[in-house]
Structures are given as C-alpha cells and as structure tokens.
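Asks: based on what follows, work out the 3D shape:
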Amino acid sequence: MNDHNEHRLKALSSQVSALKGVTIDIYNRASDYSRIDQASEGFAGLRVSVSNVAGRFARVVRTAGKRSILYMVLIIVSVVLLGYYSLKRYL
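Replies: Numbers count the residues shown, from 1 in each chain. Predicted coordinates:
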C-alpha cells in the first residue's frame, strides 16, 4: 500500500512539474505578444507622424518658395537621421 502511494505521489509530482513548465511557457509567450503589441502601437504612431509630416511638406511645397522647401527637407532628413540613430543606440 505504501509503495502504491509513493508511486502515485511521484506520478502526481511529475504531472505538477509538467503543468508548471506549461504555465511558464504560456507566461513567456504572453509577454512576447505584449511586446509585439507595444511595437505595433509604436509603429502605428510613427505611421501617423510620418503621414502628418508628409501632409505638411506637401502643403509647404504648394504654398512656399524654394528656400522654405529646402529648409523643410533639411528638417525632415535631420529628424529621420536623429530617430534612426536614437533607435539604433537603444536597440
């Protein structure tokens, strides 16, 4: 009887260990999906920002002279390069 209980206890222990492993895997995957969602939200915000800048640039091109267009292009290039190097530095 005691051997039977020991055998059942070992089986139960292995099942609990397997369940713990599955739970940890689920948590890790959920964390990965959370990071993916955060990145997606960041890219969505970036898309909106780029769209706004493109709209402003188009408006400047329609209404402003060549000098204003040159300044706008320089600003855009500077912002893109600054963003690129900032992201590269932190990633």
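
Asks: by mean pLDDT, which helix or strand of the chain comes out lowest?
Replies: Lowest mean confidence among the helices and strands of the chain (mean pLDDT, DSSP states H and E): helix 2-63, at a mean of 82.

Asks: now the element after it, going C-ward?
Replies: Later in the chain than helix 2-63, the nearest helix or strand by DSSP states H and E is helix 66-90.

Asks: now do that following helix: which elements does it pack against?
Replies: Identification of packing neighbours for helix 66-90 by 3 or more Cβ pairs under 8 Å, 6 or more residues apart in numbering; DSSP states H and E yields helix 2-63. From N, CA and C alone the C-beta is placed, and that goes for glycine too.

Asks: the spatially most central residue of the chain and residue 33, how far apart?
Replies: The residue lying closest to the centre of the chain (Cα atoms, centre = their mean) is residue 39, at 1.8 Å. Distance from residue 39 to residue 33, counting by Cβ to Cβ, to the nearest Å: 11 Å.

Asks: also residue 89?
Replies: Applying Cβ to Cβ, the value for residue 89 to residue 33 is 26 Å.

Asks: which of these two has more neighbours?
Replies: Counted by other Cβ atoms under 10 Å, residue 89 and residue 33 do not tie: residue 33 has more neighbours, with 10 against 7.

Asks: residues in contact with the more buried one?
Replies: Applying Cβ atoms under 8 Å, 6 or more residues apart in numbering to residue 33 gives no contacts.

Asks: for residue 55, same thing?
Replies: Here residue 55 is in contact with no residues (criterion: Cβ under 8 Å, 6+ apart).

Asks: distance of it relative to residue 62?
Replies: As for residue 55, its distance to residue 62 is 11 Å (criterion: Cβ to Cβ).

Asks: do the same with residue 36
Replies: Distance of residue 36 to residue 62, given as Cβ to Cβ: 39 Å.

Asks: between these two, who's got more neighbours?
Replies: Between residue 36 and residue 62, residue 36 has the larger neighbour count (other Cβ under 10 Å), namely 10 against 7.

Asks: what is the neighbour count of residue 90?
Replies: Counted with other Cβ under 10 Å, the neighbours of residue 90 add up to 6.
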